[in-house]
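**Q** Here is my input, please return the structure:
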Amino acid sequence: GHNGLKDIQQVLGTNKYNRLRFGISDAFAKGRQVDYVLGEWTDEEDSKLDERLDMCMQIIKSFGTAGVNNTMNTFNGK
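**A** As a prediction, this is how the structure comes out:
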């Protein structure tokens, strides 16, 4: 979460670092992100997890082998 990112920034001494963002959607009322993130998953959300984890693995491999720019050009917007 945001406190974790603040800790990383403090340890690195910069806010310029690469990160993989795994979105939570926007299907929550304003100010209710915590309830959404910590709540129970729907069957539809659960069914999409394997596909999204596979995509994350592809992105991580690409980052390590092709670099951040190529990876962003390949995967952003998918």
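**Q** got the contact list for the helix or strand bottoming out on mean pLDDT in the chain?
**A** Ranked by mean pLDDT, DSSP states H and E, the helix or strand of the chain with the weakest confidence is helix 33-38, at a mean of 83. Taking contacts as Cβ atoms under 8 Å, 6 or more residues apart in numbering, the residues outside helix 33-38 that touch it are 24-25, 27-28. Every residue, glycine included, has its C-beta placed from N, CA and C.
**Q** Can you give me the pLDDT of Lys78?
**A** Note for Lys78: predicted pLDDT of 69.
**Q** Just to confirm, which residue in the protein is farthest away from the center?
**A** Distance from the C-alpha centroid of the chain peaks at Gly13, with 21.9 Å (Cα atoms, centre = their mean).
**Q** List buried residues within the contacts of helix 33-38.
**A** With burial judged by 16 or more other Cβ atoms under 10 Å, the buried subset of those is empty.
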